[in-house]
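Trainee: sequence and predicted model, in that order:
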Amino acid sequence: MFEITSPECTSEQSCTPFSLVQVTLTKQEFIDLKWQVNHYRDLWKRTRVREQELLGTIALMKKDNKAEVDQLKATIKERDSQLSHMKHMVFGRSTERKNRSKPSQEKQSKNTTRQPTTRKRGQQPGSPSHGRRKHENLPVVDQGVDLPNNEKCCAICRLPFEPFPGCDHCDVIEIEVRPHKRRYHRKRYRKTCQCPETPAIITAPPPARLMNRRCGAPWLAGKTTTAVGATGVWSWRPGSLRC
């Protein structure tokens, strides 16, 4: 048992200081206290050794996985940048959205004499058009078109057709080195039989066209781009070549 002896304090003299108080204990208690001191000191030393080993292991793992960690950090940074960009695109303010129904004050201040209008650009409904172009300035290249040999007779009685005077003309605009009109002279035939199903006048079929009721040849769509790239002069869009 511990025994602490200190003289009692009186009013005439002061109390004994804490550092001078005497403690009395037995030999067994002293040994127990010494054992506990040594035991806990040993536990602390072993904990420190284990801590140093774990710190060394962690440092080695960091060194081995440094490249992978750096790559993952770069990926995270890139993903954050993409996420920020997507948020700005979806939720950010757009400078292209403008109210075009009313002119701005700045335009009104500049154009004080011009009144605002709702008239659309381009050709107005009801106004006369320029009509189809004739292309009279293009040179003409004549080419004959005849019926196939197996179609120069009646399909029913197989009697041959005889030539009919005159030709059926049609123009197709073609572009080779220079634009020109290829005029096809389609031959006509007259039947010599009395079959009611066979037409009286048979004409060779017209050549293929790019569009119905247009003069452009079928290969004009592909050739025009080549001609423009080679010369830099021609410009063409569908519907501009009309007859």
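Mentor: The structure has been received and is ready for your questions.
Trainee: beyond the longest helix seen in the chain, next helix or strand please.
Mentor: Taking DSSP state H as the criterion, the chain has its longest helix at helix 27-64. Next helix or strand after helix 27-64 toward the C-terminus (DSSP states H and E): helix 66-91.
Trainee: mean confidence for the longest helix of the chain?
Mentor: The pLDDT scores in helix 27-64 average 93.
Trainee: chain center to that helix: distance?
Mentor: 64 Å (Cα atoms, centre = their mean, to the nearest Å).
Trainee: repeat for stretch 203-212
Mentor: With Cα atoms, centre = their mean, you get 41 Å for stretch 203-212.
Trainee: now swap in stretch 82-96 and tell me
Mentor: On Cα atoms, centre = their mean, the centre of stretch 82-96 falls 16 Å from that of its chain.
Trainee: right, and Pro206 touches Arg183 too?
Mentor: No: counting by Cβ atoms under 8 Å, Pro206 does not reach Arg183; the two are 11.6 Å apart. (C-beta placed from N, C-alpha, C; glycine too.)
Trainee: what comes up buried for the helix or strand where Arg182 lies?
Mentor: Using DSSP H and E, Arg182 sits within strand 179-190. By neighbour count on 16 or more other Cβ atoms under 10 Å, the buried set for strand 179-190 is Pro179, Lys181, Arg182, Tyr184, His185, Arg186, Lys187, Arg188, Tyr189.
Trainee: how about stretch 187-206?
Mentor: Lys187, Arg188, Tyr189, Lys191, Thr198, Ile202, Ala204.
Trainee: tell me which two of these sit farthest apart.
Mentor: Spatially, the most separated pair among the buried residues of stretch 187-206 is Lys187 and Thr198, at 16.7 Å (Cβ to Cβ).
Trainee: returning to that earlier point: what helices or strands is the longest helix of the chain leaning on?
Mentor: Using 3 or more Cβ pairs under 8 Å, 6 or more residues apart in numbering; DSSP states H and E, no helix or strand is in contact with helix 27-64.
Trainee: quick check: which ranges of this protein have low pLDDT?
Mentor: Residues of the chain that meet the criterion pLDDT under 70 lie in 1-14, 94-114, 176-178, 210-243.
Trainee: what is the lengthiest strand in it packed up against?
Mentor: With secondary structure taken from DSSP state E, the chain has its longest strand at strand 162-175. Judged by 3+ Cβ pairs under 8 Å, 6+ apart, strand 162-175 is in contact with strand 179-190, helix 220-231.
Trainee: can we see that at 10 Å?
Mentor: On a contact count with 3 or more Cβ pairs under 10 Å, 6 or more residues apart in numbering; DSSP states H and E, strand 162-175 meets strand 140-145, strand 179-190, strand 201-203, helix 220-231.
Trainee: tell me the phi and psi of the residue nearest to Leu147 when sequence neighbours are not counted?
Mentor: Ranked by Cβ to Cβ, 6 or more residues apart in numbering and with sequence neighbours excluded, the top spatial neighbour of Leu147 is Ala204, at 4.9 Å. When read as degrees, to the nearest 10, the backbone of Ala204 gives phi -60, psi 150.
Trainee: tell me the secondary structure at the residue nearest to Ser129 when sequence neighbours are not counted.
Mentor: Excluding the flanking residues, the one nearest Ser129 by Cβ to Cβ, 6+ apart is Gln123, at 7.1 Å. Assigned with DSSP: H, G, I helix; E, B strand; the rest coil, Gln123 falls in the coil class.
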